[in-house]
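Undergrad: Starting from these lines, generate the structure:
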Amino acid sequence: MPTDVVMPQMGESITEGTLTKWLKKPGERVERDEPLFEISTDKVDAEIPSPSAGTLEAIKVEEGTTVEINTVVCTLSENGSGSATPSAAPAGKETAGSPSADTTEAAAIDAPAANQGNPAAVPGTESGAPVTTPEPAASGDSATEVLMPQMGESITEGTITKWLKKVGDTVQRDEPIFEISTDKVDAEIPSPIAGKLAEIKVNEGQTVTVNTVVALIGSAGATSAPAPKVPAAQPSVPQAAPAAQQNGMPSAAPAQASQSEPQRSSPLVRKIAKENNVDLSQIAGSGASGRITKTDLLSHMEGGAALAPAAPPAAVATTQTQPNYTQAESAKATTAPAKAAVATPPMPGELVPMSKMRGIIARRMVESKATSAHVHTVFKVDMTRIVRLREKEKSKYEQRNGVKLTYMPFITRATVQALRKHAIVNAATQGEAILYNKNINIGIAVALEWGLIVPVIKQTEEKSFLGIARAIVDVADRARNKKLAPDEVAGGTFTLTNSGIFGEQFGTPIIAQPQSAILGIGGLNKEAMVLTDKDGQDTIAIRSIQRFTLGFDHRIIDGSDAGKFMTDFKNYLENWSEDLG
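TA: Residues are numbered from 1 along each chain as shown. This next block holds a predicted model:
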């Protein structure tokens, strides 16, 4: 039965691709993962591997044709008996019964994406040699497939960030074998069975959909060669832009500019430019290292893009042609060129793609600033009473309860008591309505080496001081060791973020959506403070001072509400009387 090969999707924003070159002819044999054709999109140029072994039966899209994603571009026959007659007509969006050739977007700009249906099949190295996947376990024993797990109902894909085992290593059932990063959590994934890691199908850094086979585990004797290390795909070679034609002759300035500063672009961009007689040297690229994107080209054609400055024309040799000019005047009149701006070269440095977690954090921070009307208020709290109590009790507390006594349980407990009295600060906006949350679910921001995560302590209002202390230590430890479940980073109603541990006085944190407030914890320092006794006498004393910043959504929380909340929070800490447990 023939297999349809479709135009792959090289990223969420990509809707079409140009088939630039066929690497096989009709009637030729192709192996699974062998490069079959080359494509160019607005972001990458890539070789596309064959989804299966067989014979190229028919080519349905000719070189240079631009088609939408999922368009059938050719068919493969499994038995090699198919017709070798190519079809010139482009196919429509016929994908029923065909294996997916969709791909995920590359981690680095200009890097070809990996095939999602077979993640180990990645476009070739710089020399063009294809990267092949090792055959499954050599022994006759059947191998168990290890799948990309679904870490929550809304999770559709995951990125393998690290393999904890190598091919040939023995693994035990439930022993962690790789780490993943998803839209919600980072986690270690355990082995479904005991055996030997026979094959790794997805390399570190690749993003694949849930239920994709990422590895094979065989019996104790079943192993095969490890998956090859996939090199970072190289950016397309800079192309010199064609010179503009004027009266059949190339103009001197654009030609000179293209020689001194090649304009980087994809074959698709160059194809459109050629068809529309556009000089690419006149376009300022907005892509990486000045790469000209399709958007840049179209904007230029519509008259909306800035032109790249052309090099100044060569100075023209002059002679005295007017008897009444002096030689100096003549030279000045004929040789002074127009002042030209110099194109800004790309900044030196290393371009490193964001990790999946970093990209998610970036996106959510921008979304929050665009959603909530952020306002911040800073309160100074005298923590001397708390500091003295902690110093007195911390050794006995740890011996008695098995958990260290830190300042976070005090702050969390004071937060909960203040939220009980001011429900609007624990509320959320839903359209034109306000949701008053029944429970107080406190998110505790935890800084990790690879980003930031906010595990949530649910129903904190029902916990004692000791219960809160234990919960904080538990979620922080499991966050650092990638042991959190997806529902443990969701459902927060209010967040605490402690950036004061790095020495800052106070910060202005961004609200975690869909919450309406966040409390920033500043540094704890000794300061001189004026104290007034009951008789009105003032004295100066050294006190332990800490600043707290409430960031709140002014759409539903007024300044008076924020002030009342912070006043109660401050009073609870400064007049602490609760038993520590």
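
Undergrad: Residue 532 contacts residue 538, doesn't it?
TA: Yes: the criterion here is CB atoms under 8 Å, and residue 532 meets it with residue 538 at 5.3 Å. For the C-beta atoms, the positions are set from N, CA and C on the backbone; glycine is no exception.

Undergrad: Please enumerate the strands of the stretch 51-200 of the chain.
TA: Secondary structure of the stretch 51-200 of the chain (DSSP state E, counting those that start in this stretch): strands located at 54-59, 65-68, 72-77, 144-147, 157-163, 170-171, 176-181, 186-190, 195-200.

Undergrad: Report the central residue of this structure.
TA: Nearest residue to the geometric centre of the chain (CA atoms, centre = their mean): residue 359, 2.8 Å.

Undergrad: Tell me the spatial nearest neighbour of residue 25, not counting adjacent residues.
TA: Setting aside the residues directly before and after it, residue 25 is nearest to residue 56 in space (CB to CB, 6 or more residues apart in numbering), at 6.8 Å.

Undergrad: what's the burial count for that neighbour?
TA: Applying other CB atoms under 10 Å, we find 26 residues neighbouring residue 56.

Undergrad: where's it relative to residue 484, distance?
TA: 48 Å (CB to CB, to the nearest Å).

Undergrad: ditto for residue 284
TA: Residue 284 sits 45 Å away from residue 484, taking CB to CB as the criterion.

Undergrad: quick one: which of those two has more around it?
TA: Legend: neighbour count by other CB under 10 Å for residue 284 and residue 484, higher for residue 484 (21 against 16).

Undergrad: Doesn't the more buried one belong to a strand?
TA: No: counting by DSSP: H, G, I helix; E, B strand; the rest coil, residue 484 falls outside a strand, being coil.

Undergrad: Next up, the contacts around it.
TA: 185-187, 453, 455, 475, 478 (CB atoms under 8 Å, 6 or more residues apart in numbering).

Undergrad: Show me which of those residues is closest to residue 173.
TA: residue 187 (17.4 Å; CB to CB).

Undergrad: Do I have it right that the closest one meets residue 176?
TA: No: taking CB under 8 Å as the definition, residue 187 is not a contact partner of residue 176, at 9.2 Å.

Undergrad: between the two, who's got more neighbours?
TA: Each of residue 187 and residue 176 has its neighbours counted (other CB under 10 Å); residue 187 has more, 22 against 17.

Undergrad: could you measure the residue lying closest to the more buried one once chain neighbours are set aside against residue 210, distance?
TA: Nearest-residue entry for residue 187: residue 482, 5.1 Å, with adjacent residues in sequence omitted and distances by CB to CB, 6+ apart. As judged by CB to CB, residue 482 and residue 210 stand 18 Å apart.

Undergrad: So for those two, which sits in the more crowded spot?
TA: Of the pair residue 482 and residue 210, residue 482 is the one with more neighbours under other CB under 10 Å, namely 20 against 15.

Undergrad: Report the secondary structure element holding the residue nearest to the centre of the chain.
TA: Taking DSSP states H and E as the definition, one finds residue 359 inside helix 356-371.

Undergrad: what sits up against stretch 372-386?
TA: Residues from elsewhere that reach stretch 372-386 (CB under 8 Å, 6+ apart): 407, 410, 506, 508, 510-511, 513, 516, 524, 529, 543-555, 557, 559, 562-563, 566-567, 569-570, 573-576.

Undergrad: So which of these are in strands?
TA: In this view, the contacts of stretch 372-386 that belong to strands under DSSP state E are 524, 529, 543-553.

Undergrad: The contacts of residue 484 into TSV, with extra columns for distance to residue 27?
TA: Listed next are the contacts of residue 484 as TSV, based on distance: CB to CB, whole Å:
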residue	distance to residue 27
185	50
186	48
187	48
453	54
455	59
475	61
478	58
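
Undergrad: Show me what counts as buried in stretch 383-390.
TA: Buried residues in stretch 383-390, defined by neighbour count with 16 or more other CB atoms under 10 Å: 383-387, 390.

Undergrad: Give me the average confidence score over it.
TA: If you average the pLDDT over stretch 383-390, you get 96.

Undergrad: Show me which helix runs longest in this protein.
TA: Scanning the chain for the longest helix, with DSSP state H as the assignment, gives helix 384-401.

Undergrad: From residue 363, how far off is residue 545?
TA: Distance, residue 545 to residue 363, using CB to CB: 36 Å.

Undergrad: More neighbours: these two, which one.
TA: residue 545 (19 against 12).

Undergrad: If the residue nearest to the more buried one when sequence neighbours are not counted is in a bridge, with which residues?
TA: Leaving aside its sequence neighbours, residue 545 sits nearest to residue 527 (CB to CB, 6+ apart; 4.4 Å). Listed by DSSP bridges, the beta-bridge partners for residue 527 are residue 543.

Undergrad: so who does residue 527 touch?
TA: 542-543, 545.

Undergrad: Pipe these into TSV and attach pLDDT per row.
TA: Shown next, in TSV, are the contacts of residue 527 (pLDDT from 0 to 100):
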residue	pLDDT
542	96
543	97
545	96
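
Undergrad: possible to save those as TSV with distance to residue 70?
TA: TSV is the format used below for the contacts of residue 527 (distance: CB to CB, whole Å):
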residue	distance to residue 70
542	71
543	67
545	62
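
Undergrad: what's around the closest residue to residue 23 other than its chain neighbours, how many residues?
TA: Spatially, and ignoring its direct neighbours in sequence, residue 23 is nearest to residue 35 (5.2 Å; CB to CB, 6+ apart). Using other CB under 10 Å, residue 35 has 21 neighbouring residues.

Undergrad: No more questions from me, cheers.
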